[in-house]
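*Asks:* Need coordinates for the below:
(one chain, ligands or ions: 2)
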Amino acid sequence: MKLLDLINNLQVIKLDNKDELSNLEITSIEMDSRQVSEGSLFVCKEGLTFDGHQFIDDAVEKGAKAIVAQRPVKTNVPVILVPSTKQALAQLADTFYGQPSQQLSMIGITGTNGKTTLTYLLDAIFSKAHHKTAVIGTIDMKIGEKRYPVQNTTPDPLFLHKHLRLMLDEGVDTVIMEVSSHALKQGRVFGIDFDTAVYTNLSQDHLDYHPTMEDYAYAKSLLFAQLGNTYSKAKKAAIINSDDRYAELMMDATAQPIVNYSLDGSAVINVEDYNISPSGLTINLNTPDGPANITTKLTGKFNIYNILAAVGTAYQHNISLEVISEAIKGMEGVPGRFELVDSKQNFSVIVDYAHTPDSLENVLQTIDDLKEHRVITIIGCGGDRDRTKRPLMADAAMKYSDHVIYTSDNPRSEDPSAILADMTRHLRDDDEVFTVIENRREAIERAVQIAEKDDIILIAGKGHETYQEVNGERHHFDDREVAREMVQLRMSL
Ligand SMILES: CC(=O)N[C@H]1[C@@H](OP(=O)(O)OP(=O)(O)OC[C@H]2O[C@@H](n3ccc(=O)[nH]c3=O)[C@H](O)[C@@H]2O)O[C@H](CO)[C@@H](O)[C@@H]1O[C@H](C)C(=O)N[C@@H](C)C(=O)N[C@H](CCC(=O)O)C(=O)O
Ligand SMILES: Nc1ncnc2c1ncn2[C@@H]1O[C@H](COP(=O)(O)OP(=O)(O)OP(=O)(O)O)[C@@H](O)[C@H]1O
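*Replies:* Numbers count the residues shown, from 1 in each chain. Ligands and ions are numbered 1, 2, ... in the order given. So this is what the prediction gives:
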């Protein structure tokens with residue numbers, strides 16, 4: 001693409017070497033000098049560890065034909081000076097790939113918990129309604145039936161706009177994506193024309209990145225601000241959990257219609273009654289299209305909220321209640337979310353991704369309602385992330401478990417024993433109630449060894465993950481695999 005066409009709508013402060021620009025063809029846009037090749041446009045982004053402006057020489061050496069910078073820099077290729085490279089990057093990517101999000105129905109989901117589950121619910125519903133869907137989230141990116149690995153829950157603008165174009169070319173009409181607070185703060189979703197924004201809930205997490213809960217909540221509200229405050233022909237809407245204490249903040253951020261949902265309030269989507277059992281949920285709910293009876297294999301009170309959000313979103317997209325309930329009924333579980341490891345043993349093993357105090361409490365509350373005997377919880381906390389949640393996670397585990405085994409999650413660059421000390425130092429030392437086993441494999445082995453008939457073992461924190469990150473290196477590790485192995489070993493004895 002011609003560079004001048006690419007930057008046509010860009011807010012530019014100054015163009016250096018303007019004459020050289022007129023004939024320049026750009027083959028790719030890059031924000032990482034290591035990805036630059038002959039003909040690239042290199043955008044210097046200020047990050048948390050590095051400042052992209054440092055890598056201009058590296059980029060030029062690799063073939064960058066021009067530089068987008070937000071402060072004056074010296075180099076021998078043309079420099080396009082802009083007020084914000086973060087904004088410029090998104091706008092350039094959107095233009096380069098032909099503004100794909102404007103031609104797609106874009107559903108963005110934000111909140112501390114429930115995003116991934118909701119993407120699975122919506123994927124099932126929209127597919128049942130004959131839409132061709134794509135999903136972008138924590139587990140992976142799915143285009144039609146193909147799955148691709150992702151580095152971030154919400155990828156950067158270059159990855160996003162490039163893949164939205166691919167989705168469009170492959171006939172996708174609806175994109176369901178998780179939008180993290182990191183992404184909102186870093187402008188990763190700038191330029192995405194969302195049609196529907198969904199809010200699940202907010203509870204403590206990521207306080208390593210966000211200085212306060214208010215900052216965290218504000219970042220989430222940016223998704224609703226992005227829906228807009230003027231009415232366009234396109235039917236936009238915000239789907240909001242009105243039982244959540246930050247609901248109003250999200251609602252205040254947009255002028256688009258609100259489809260709120262609530263367990264017991266007077267929301268657009270509300271619940272008449274429900275029943276929770278180990279094998280699933282039955283919910284009678286009301287919608288403007290009439291009442292609906294939903295049955296699902298998903299269980300736990302928190303999943304009622306995920307279902308209400310899914311119903312609200314599908315209702316907004318004119319999908320009939322019949323299709324919605326059929327799709328939810330047919331949906332299997334979500335990988336690593338309340339996933340049962342079943343080898344016909346006489347106790348239960350559940351693997352769950354709960355890694356915030358709130359989600360751990362929710363999943364344990366659900367287990368508490370279902371339990372027939374003891375609950376043994378295995379839990380750790382990730383390194384290099386929110387330290388303030390460590391004792392809170394331990395408290396949630398202690399509150400509902402007969403025995404807790406504290407172990408390593410992803411220690412990343414931190415000393416695993418220091419993380420475990422942060423979690424347990426405030427607890428009264430009592431071998432009966434908890435033990436610390438740093439090695440996760442050994443922790444799972446111990447839980448399986450001590451399990452009695454009808455006990456429930458919860459292995460929390462890593463869910464679908466198939467690795468453990470120790471000292472910055474990722475090793476293969478899958479809670480489900482290890483649990484299955486240990487259960488089979490015990491049964492063979
Ligand atoms: C802390 C954080 O959020 N970092 C994200 C951020 O990286 P950054 O901009 O800070 O990167 P940096 O290393 O400082 O580099 C700055 C710039 O210099 C460039 N550079 C760097 C080195 C070099 O040799 N040459 C070069 O050009 C980099 O490409 C970049 O443009 O922008 C990158 C691109 O969007 C992200 O991949 C990266 O996510 C990292 C990997 C990460 O782990 N993020 C987590 C915390 C995160 O975002 N998580 C949320 C989900 C949270 C949840 O709900 O659980 C997510 O959406 O994934
Ligand atoms: N609506 C909800 N409210 C509270 N807890 C929930 C809710 N939905 C799921 N959970 C719990 O949170 C865990 C993570 O769920 P899920 O992966 O759907 O959330 P997420 O928002 O995608 O999380 P992340 O951003 O960390 O990937 C689940 O395993 C479950 O324990």
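*Asks:* going forward, measure contacts and count neighbours with C-alpha atoms only.
*Replies:* Will do.
*Asks:* Where does whichever residue of the stretch 351-493 of the chain sits closest to ligand 1 sit: helix, strand or coil?
*Replies:* Residue nearest to ligand 1 within the stretch 351-493 of the chain (Cα to the nearest ligand atom): residue 385, separated by 8.0 Å. The three-state assignment at residue 385 reads coil, by DSSP: H, G, I helix; E, B strand; the rest coil.
*Asks:* That one reaches residue 208, doesn't it?
*Replies:* Yes: contact between residue 385 and residue 208 holds when scored by Cα atoms under 8 Å: they sit 5.6 Å apart.
*Asks:* Pick out whichever of these two has more residues nearby.
*Replies:* Neighbours per residue (other Cα atoms under 10 Å) separate residue 385 from residue 208, with residue 385 holding more: 18 against 13.
*Asks:* Strands along the stretch 101-250 of the chain, start to end?
*Replies:* For the stretch 101-250 of the chain, the strands defined by DSSP state E, counting those that start in this stretch cover 105-110, 133-136, 141-143, 146-148, 174-178, 196-199, 237-241.
*Asks:* Let me have those in CSV, adding mean neighbour count and mean pLDDT as columns.
*Replies:* CSV is the format used below for these (neighbours: other Cα atoms under 10 Å; pLDDT from 0 to 100):
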stretch, mean neighbour count, mean pLDDT
strand 105-110, 24, 98
strand 133-136, 25, 98
strand 141-143, 21, 97
strand 146-148, 11, 93
strand 174-178, 25, 98
strand 196-199, 28, 98
strand 237-241, 28, 97
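*Asks:* I'd like these written out as a markdown table, with distance to residue 159 added.
*Replies:* Compiled in a markdown table, the strands of the stretch 101-250 of the chain are given as follows (distance: least, Cα to Cα, whole Å):
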| stretch | distance to residue 159 |
| --- | --- |
| strand 105-110 | 16 |
| strand 133-136 | 11 |
| strand 141-143 | 11 |
| strand 146-148 | 12 |
| strand 174-178 | 13 |
| strand 196-199 | 20 |
| strand 237-241 | 25 |
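*Asks:* need these in a markdown table with distance to ligand 1, can you?
*Replies:* Formatted as a markdown table, these follow (distance: least, Cα to the nearest ligand atom, whole Å):
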| stretch | distance to ligand 1 |
| --- | --- |
| strand 105-110 | 9 |
| strand 133-136 | 10 |
| strand 141-143 | 12 |
| strand 146-148 | 15 |
| strand 174-178 | 8 |
| strand 196-199 | 13 |
| strand 237-241 | 18 |
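*Asks:* Now for the nearest residue to residue 243 once chain neighbours are set aside: which residues touch it?
*Replies:* Computed as Cα to Cα, 6 or more residues apart in numbering, the closest residue to residue 243 that is not its neighbour in sequence is residue 262, at 5.6 Å. Contact criterion Cα atoms under 8 Å, 6 or more residues apart in numbering gives 241, 242, 243, 269, 270, 271, 305, 308 as the residues in contact with residue 262.
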